[in-house]
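> sequence first, then the predicted structure:
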Amino acid sequence: MKLLVIGSGGREHALAWKLARSPRVSRVFVAPGNAGTARADGLANLALTAVPELAEFARKEAIAFTVVGPEAPLAGGIVDAFRAAELRIFGPTRAAAQLESSKAFAKNFMTRHGIPTAAYGAFADARQAHDYLERQGAPIVIKADGLAAGKGVVVALDVSQAHAAVDMMLTEGRMGAAGSRVVIEQYLDGEEASFIVLSDGRHALPLATSQDHKRLLDGDRGPNTGGMGAYSPAPVITPGLHAKVMREVIHPVIAGMEKDGTPYVGFLYAGLMITEDGSIKVLEFNCRMGDPEAQPILLRLKSDLVLLIEHALAGGLDQVEAEWDTRVALGVVLAAHGYPDAPRKGDVIRGLPAPEEDSHVFHAGTALNGKDVVTSGGRVLTVTVLGPDVRAAQRRAYEIAERIRFEGMQFRRDIGHRALAAGRK
Ligand code: AMP
Ligand code: GLY
């Protein structure tokens with residue numbers, strides 16, 4: 001069978017790679033893809049991004065099903081369009097994707113369905129937002145309502161910073177339409193974890209746990225990014241906590257979406273804050289896999305992803321289980337010069353190794369320039385490895401990272417530090 005993956009990042013490279021390993025798959029098209037998906041066995045890039053053209057391609061090529069990587073096409077309704085054309089596609093409809101595309105929608109949904117999250121207010125009016133801030137005080141968190149590519153959240157440590165964030169979004173309109181409404185929420189302290197499941201609209205199949213590193217610099221300093229590295233499993237999610245997340249978050253979300261008439265089919269990502277006393281609160285939902293979390297998670301997945309997605313599309317996720325490599329997977333992002341503010345493009349990448357049983361360098365912001373692979377985005381590569389423990393995986397990932405070279409390459413040296421600290425406790 002032939003499959004189609006929509007997107008061009010590290011997550012999509014990992015998804016396409018994993019799907020192509022299924023013995024039933026002859027080819028995975030990636031639209032538009034990157035230099036990694038252009039060159040890998042069994043994968044082919046497709047230079048299309050418009051939904052009608054993608055649907056036409058899927059029909060003509062008899063694509064068995066399409067998997068959508070990033071949030072923007074989901075929020076734009078690609079699933080609705082494919083379904084209307086009777087094409088099989090895995091992802092939430094535009095209505096269901098509002099869990100990610102509108103923070104106010106997500107907060108309102110959680111409140112109505114009793115899902116634990118920080119107390120909040122939602123405002124389109126700057127005066128009311130400022131008044132609310134005066135009553136609440138700091139620290140406090142200001143979030144643009146709409147999709148902002150990871151740049152829409154300001155964690156304000158004092159009230160003047162909070163007022164400035166409200167002005168930036170609501171008064172000056174510097175986040176565009178995404179910031180024409182804001183959610184202001186209580187500041188939460190604790191450890192973050194990513195909890196990702198497959199949903200068929202009624203049942204959820206949890207994927208292996210993972211943890212992301214959002215800040216640019218070692219020791220969780222510097223600006224927020226899309227993610228500088230991730231590993232799986234996340235020791236912070238103990239078996240007890242895992243059961244609690246399923247009970248308090250995942251099952252109520254899926255039941256709530258079904259009850260509201262917008263059943264959720266696709267990957268569902270809950271960004272969680274685990275507080276000191278072991279309580280969980282949802283920070284955000286994403287309607288997709290995480291990036292870079294997908295890379296280590298998919299490297300650990302032993303089951304056939306095609307089979308899991310087929311069950312999800314048929315409403316039978318209660319009839320399958322996912323099998324995981326017991327090793328630790330760890331991914332280190334190599335980012336471009338100037339990331340996250342102004343990533344530079346066109347730097348030639350050298351020293352890329354061939355994939356091995358326990359390692360894979362997934363491409364994200366890369367492109368082909370003649371014979372050269374060059375940088376073409378902020379997060380360029382994710383060096384992803386399996387190892388017997390976090391320390392060994394770290395060592396191996398950094399050995400590979402050190403051999404890869406491009407001008408201005410930036411990466412964190414401490415991916416996995418929380419798991420190492422947990423191991424020492
Ligand atoms: P979000 O996109 O909503 O996950 O927010 C991005 C990042 O901001 C999160 O990964 C957290 O590090 C931080 N953050 C979001 N909401 C809160 C909160 N209520 N309290 C503390 N930190 C937060
Ligand atoms: N790594 C976080 C995300 O994909 O949103």
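Now that the structure is in, tell me what you want to look at. Ligands and ions are numbered 1, 2, ... in the order given.
> okay, CA-based contacts and neighbour counts for the rest of this
Will do.
> which residues touch Ile254?
Applying C-alpha atoms under 8 Å, 6 or more residues apart in numbering, one finds that Ile254 lies in contact with Ser199, Gly201, Arg202, His203, Ala204, Pro263, Tyr264.
> you'd agree the third one is up against Ala255?
Yes - taking C-alpha atoms under 8 Å as the definition, Arg202 is a contact partner of Ala255 at 6.7 Å.
> look at the two and report which has more neighbours.
More neighbours surround Arg202 than the other of Arg202 and Ala255, with 20 against 16 (other C-alpha atoms under 10 Å).
> confidence score at the more buried one?
Here, the pLDDT recorded for Arg202 equals 98.
> ignoring the adjacent residues along the chain, who's closest to it?
Counting by C-alpha to C-alpha, 6 or more residues apart in numbering, Ile254 is the residue found nearest to Arg202 once chain neighbours are left out, at 6.2 Å.
> let me know the secondary structure of the most centrally placed residue in the chain.
The centroid of the chain falls nearest to Gly290 when counting by C-alpha atoms, centre = their mean (1.7 Å). Secondary structure for Gly290, judged by DSSP: H, G, I helix; E, B strand; the rest coil, is coil.
> wait, it sits on Gly9?
No - the pair Gly290 and Gly9 fails to qualify as a contact (C-alpha under 8 Å) at a distance of 10.9 Å.
> name the element the residue in the stretch 1-150 of the chain that ligand 2 sits nearest to belongs to?
With distances taken as C-alpha to the nearest ligand atom, the stretch 1-150 of the chain approaches ligand 2 most closely at Gly150, which sits 6.9 Å away. Following DSSP states H and E, one finds Gly150 outside all helices and strands.
> what's near enough to touch the closest residue to Ala149 other than its chain neighbours?
Excluding its sequence neighbours, the residue lying closest to Ala149 (C-alpha to C-alpha, 6+ apart) is Gly226, at 7.5 Å. When contacts are counted by C-alpha under 8 Å, 6+ apart, Gly226 is found next to Ala149, Gly150, Lys214, Asp291.
> buried among these? Need that as a selection in ChimeraX.
This is the ChimeraX syntax for the buried subset of these, where burial follows 16 or more other C-alpha atoms under 10 Å:
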select :214,291
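> of the contacts of Gly226, which pair is most distant in space?
Ala149 and Lys214 (12.6 Å; C-alpha to C-alpha).
> those residues of the chain touching ligand 1, which are they?
For the chain, the residues found near ligand 1 under the criterion C-alpha under 6 Å from any ligand atom are Ala118, Val141, Gly150, Val153, Glu185, Gln186, Tyr187, Leu188, Asp189, Gly271, Leu283, Glu284.
> who does the fourth one bridge with?
So the one you mean is Val153. Beta-bridge partners of Val153, counted by DSSP bridges, are Lys143.
> measure it to Glu399 for me?
Using C-alpha to C-alpha, to the nearest Å, one obtains 34 Å as the distance from Val153 to Glu399.
> what about these two, which has more around it?
Here Val153 and Glu399 are compared on neighbour count by other C-alpha under 10 Å; more neighbours surround Val153, at 17 against 12.
> for the stretch 201-350 of the chain, list the residues in contact with ligand 2, please.
Taking C-alpha under 6 Å from any ligand atom as the test, the list of the stretch 201-350 of the chain residues beside ligand 2 reads Asp212, Gly226, Gly227, Gly290, Asp291, Pro292.
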